[in-house]
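A.B. asks: sequence-free structure coming up:
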C-alpha cells in the first residue's frame, strides 16, 4: 500500500521525465501506437518487392483464369448442356478456401508462386464463367434474330453482336474477379508465394503499422484496379446498359 | 373496421371528387387540378385523355396510392382521408395494366390475397375463389396453377377476380386490358360488361382509348393536360355535344359514326314500304305506291317475311309474280347495331334494306338517307343505354 | 514421371487420412501427440462455431439495412460501394489488424469475420429486393398490404435467389478467413495447415482436406435450403 503510494508519487513527479525517456528508449514498433510515421517513412522500401510480387500474382492469375473461363463459356454457349456441369465444377473451385487449395496442391506442385497462381486462377473461374453466361443471356433475342435474318453466320453473330452486347456483364465479372483476387492473394504467403501477405506474416500481429501499410497497399490496389476496370468498361460500351451488382 | 356506411349490402358505393388536387413538389403545373365530379353507385366512370393528363393519378387518389394535396374524395358519405390507407385499400378492388399477380403464389392464393388480409377463414376464401374463377370465365382447375403457367388474357381475368374477391364497394381499373392483344381485349371488355350487369359495382376505369371509353363507360370524364376536367358526360352527350375543340379533337372527327355504335336499328323511325303478296293484283300494289315513302314494293310471303323487291317490269302483268326481279339485298334485324347496319347497306350497294323482327317478319325499311337525316336533326335524341345494355361485340 | 505421380502424392493422401483418424506421434516435433479424430473434431467445431456466429452477426447487421433500403429504393450507391469495397478487403490483413486492435479470442474474431460477411449481404439484399417486379409490389400496395407486409409476403419470397447468393458468398468468405484464425489465437482447422512444423506434411494435407470438405458441405447445405425456400411458382416456365 505504502509502496503503491510512493510509486504513484514518483510517477506524478517524474511523469514528464519518464515519458520522454520512454519515447527515446523504446522503438516505435514495440509500443502500441497505431501508426508509426517515422518507421513507415524509413522502411517503406521494404514493401516494394512484396507489392510487385503481389501485382504479378494477381495479373497472371486473372489472365489465366479469364482465358480459361472465357473459353469454357464460349463452349457452353455453343453446347448449352455443358452449362450446369461447368457451373457446378467452377463452383466447387470457388467454394474451396484458397488456403486449403494451396495445400491440396502441395503434393503436386509444392510450395511457391506456381501453387499460388493455380489456386488463385481456379478461384476466378466461376465468377468469370457465370458472368459471361449471364452476359450472353442478357442479349435480346430480337437482335440475334435480326442478325441471323440478315445473313450473318453463327460465328459472325457471336463476335459482332453477342460479345459486344455481353461486354458489360463480362467486364463486371472481370472486375469482381480482379478485386477479389487482390484481396485473396495476401494469403499466397502461406504457400510461399510471396506477395503482400508475407510482411504481414513476418511482422506478427502486434505491429500495427506494418499491418496497416501492407494491408493498406493491398486494399488500395484492389480498389484502384476495380475503378480502372470500371472506367474501361464504361469507355468500351458507349450505349446505356443497366449494370447489376455482381 | 369498415364504417356502417360502407357495409351497404347493395354492393356498390357512389364516389365523389370534391376539388381534388395533386401537386408534385418542384412542378409548376398540377398533375390533377381541382377535380370535381360524382359517380353514381353501380356505374362505370371512364377517365380518359392523352398521356400525362392525370387520369391515372386521379384514379389513384381514391385508394390513396397517390395522396391528394388539396380537396377531398368521398366514398359514400365518408372521406377517404379519414381512413387508414391500408384498411381503405382492402375495401377497394384494384386492377392494373401490368396485372401484377404474385408469381410465387398459386392462382387461388392470389385471388385470396385480400380476404386473407381481412382475416377470412380458409374455407370461405377457397369457396369464394372458385366462385370468382367461374365468374370471370376461367376453368376452376386453374386454381392450383401458378401465374407463369397462364396466358396474358387469363392472368388479367385472375387480376379482375382478385379485385372482386372481398366484394369491394368500388373498383379501380387502370388500363386493365392495355397489355392484352386486341382480339382478347375485346372479349375481356365484353365479359367485363356482362359481369358488371350481374354485380353492378361502382367502377373508375382509366384508358387512353376513346373507343374503349365509349364502349365501357356509363359516364366519361375527359381530362386534358394539367389534370383539368374538360367534360364529364354520358357517351351520347359527349358525341353530340363536345364541350370544346379539345374534346372534339379527342373524340375524333368520326364522332357521327361513333354515335352509330351506340344505337340499334330499333332506335330509329323506319320508313314503310308498300307490301305485295304473291298473286295479288298488281293494280292494288300500284295504288299503294302513290305517296309511299319507299318507291318500290316489297314482296313478302303470307307470314310477311320479305322475299325481294318488285320492279316496274314485275308490275307490268296482272298478278304479282312469285319471283321478284331484284334480290332482297341486305336483310337487317331490329336489334342490329346501327353502325353495322350502315356498313351492310353500303356494302350491299342497294339503297334500301328490309328490317325484320325476331320472327323474320318485316318491320320497316332502312336507308342511308334515313340515317343521315337522323344524325343531322338537332332534336334527335338517342335512347340512353347504359354500358351494359348497349350493343357490343 | 510415374514415380512422381504415384509415390509421393498417394503416400501423402494415405498419411493424411491416417492423420485424421488416429492420433500419432509427431515425426516433426519430437514426441508430441498430434492428429486423431478428437483433435480434428475439436478444431472443426471451433471453425464451425466461428463461422456461424460471424454469419449470424453479419446477417443481423446487414440484412435489415439492405432490406429496408431495397424496399425504399434509395441508397443504391451506398450498397454498391460497400459491396465493392468489401470485396477488396485483404483477409489476412483484416484478421491480423482486428486482432491487434480489439484483441484475440472468439468474440473479437467473430466481429472481424462479420466485417467480411456484411458487404455481400448488404449488396445482395438491396439488389434482390430492389429488382422485384414493380407491378407485383404495386398490386400488393393497392390491395391494402402494409409496407411491412409487402416486404414480408411479396418482396422477400421473390428475392430469395439473390438473397441466398449473398448468404452463400458471405459464408464462403467467412469460412475461408476462419481458416487462418489460428494466427490470431483461435484454433481452427487452419492450424493444421499453418503450423506445418507441429503437424507435419500429413497434417497439412489433412487440414486442407477437412477445410475443403467443410466449405463444400456448408455450400451444398445452403443450396439445398435455398431450393426448399424458393417458391414453386418461381421455378416454373410458362405453360
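C.D. replies: Thanks, I have it. Predicted, not measured: the structure shown is a model, and the values here were computed from it. Numbering: from 1, shown residues only, chains lettered A, B, ... in the order given.

A.B. asks: what residue lies at the spatial centre of the chain?
C.D. replies: As the question left the chain open, I've gone with chain A. Central residue of chain A (C-alpha atoms, centre = their mean): residue A:182, 2.1 Å from the mean position.

A.B. asks: right idea, wrong chain: chain C
C.D. replies: Short answer for chain C (C-alpha atoms, centre = their mean): residue C:171, at 1.7 Å.

A.B. asks: so where's chain C uncertain?
C.D. replies: Within chain C, the stretches with pLDDT under 70 are C:1-11, C:24-32, C:236-239.

A.B. asks: which residues in it form helices?
C.D. replies: Under the criterion DSSP state H, helices of chain C are mapped to C:2-21, C:37-72, C:76-88, C:91-102, C:106-130, C:134-142, C:147-150, C:156-179, C:190-194, C:196-229, C:232-235.

A.B. asks: do chain B as well
C.D. replies: B:55-60, B:85-89, B:107-111, B:113-118, B:122-135, B:152-164, B:182-199, B:210-216, B:235-240, B:245-251, B:255-260, B:282-289, B:338-348, B:368-376.

A.B. asks: Tell me how far the second one lies from the chain's centre.
C.D. replies: I take that to be helix B:85-89. 29 Å (C-alpha atoms, centre = their mean, to the nearest Å).

A.B. asks: about what we covered before: and the host helix or strand of the residue nearest to the centre of chain A, what does it pack onto?
C.D. replies: Using DSSP states H and E, residue A:182 falls within helix A:163-184. Applying 3 or more C-beta pairs under 8 Å, 6 or more residues apart in numbering or on different chains; DSSP states H and E, we find helix A:163-184 packed against helix A:48-78, helix A:113-137, helix A:208-236, helix C:76-88. For glycine as for every other residue, the C-beta is placed from the backbone atoms N, C-alpha and C.

A.B. asks: now those in CSV, with distance to residue C:33?
C.D. replies: Rendered in CSV, the data for those read as follows (distance: least, C-beta to C-beta, whole Å):
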stretch, distance to residue C:33
helix A:48-78, 37
helix A:113-137, 29
helix A:208-236, 34
helix C:76-88, 41
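
A.B. asks: and chain B, what are its domains?
C.D. replies: B:4-263, B:266-376 (automatic domain parsing).

A.B. asks: To residue A:68, which of those lies closest?
C.D. replies: Residue A:68 lies closest, by C-beta to C-beta, to one member of those: domain B:4-263, at 35.9 Å.

A.B. asks: what about that closest one and chain C, touching?
C.D. replies: Yes - counting by C-beta under 8 Å from any C-beta of the partner chain, chain C is contacted by domain B:4-263 at B:63, B:65, B:86-92, B:94, B:96, B:98-106, B:113-114, B:117, B:145-150, B:159, B:162-163, B:172.

A.B. asks: I'd like to know which of those residues are buried.
C.D. replies: B:63, B:65, B:86, B:88-92, B:94, B:96, B:98-106, B:113-114, B:117, B:145-150, B:159, B:162-163, B:172 (16 or more other C-beta atoms under 10 Å in any protein chain shown).

A.B. asks: Now, these that are in strands?
C.D. replies: The strands, defined by DSSP state E, take in B:92, B:94, B:172 from those.

A.B. asks: ok, those residues vs chain C, which is closest?
C.D. replies: Chain C has its nearest neighbour among those in residue B:94, at 3.6 Å by C-beta to the nearest C-beta.

A.B. asks: got the contact list for the nearest residue to that closest one once chain neighbours are set aside?
C.D. replies: Closest residue in space to residue B:94, ignoring its immediate chain neighbours: residue C:142 at 3.6 Å, by C-beta to C-beta, 6 or more residues apart in numbering or on different chains. Applying C-beta atoms under 8 Å, 6 or more residues apart in numbering or on different chains, we find residue C:142 in contact with B:63, B:65, B:89, B:94, B:96, B:172.

A.B. asks: Any idea which residue of chain A lies closest to chain C?
C.D. replies: For chain A, C-beta to the nearest C-beta, closest residue to chain C: residue A:215, 2.6 Å.

A.B. asks: How about that residue: what's its closest non-neighbour residue?
C.D. replies: Nearest to residue A:215 is residue C:93, by C-beta to C-beta, 6+ apart, at 2.6 Å.

A.B. asks: Contacts only, for the one you found.
C.D. replies: A:186, A:196, A:200, A:211, A:214-216, A:218-219.

A.B. asks: filter the residues you listed to the buried ones?
C.D. replies: A:186, A:196, A:200, A:211, A:214-216, A:218-219.

A.B. asks: Any chance of TSV for the residues you listed, columns pLDDT?
C.D. replies: Shown next, in TSV, are these (pLDDT from 0 to 100):
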residue	pLDDT
A:186	90
A:196	88
A:200	84
A:211	83
A:214	87
A:215	88
A:216	89
A:218	91
A:219	93
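
A.B. asks: from the residues you listed, which is closest to chain B?
C.D. replies: Distances from chain B to the buried ones among the contacts of residue C:93, taken by C-beta to the nearest C-beta, are shortest for residue A:219, at 39.9 Å.

A.B. asks: check contacts around the nearest residue to residue C:225 once chain neighbours are set aside.
C.D. replies: Leaving aside its chain neighbours, residue C:225 sits nearest to residue C:164 (7.6 Å; criterion: C-beta to C-beta, 6+ apart). The contact partners of residue C:164, by C-beta under 8 Å, 6+ apart, come to C:222, C:225-226, C:229.
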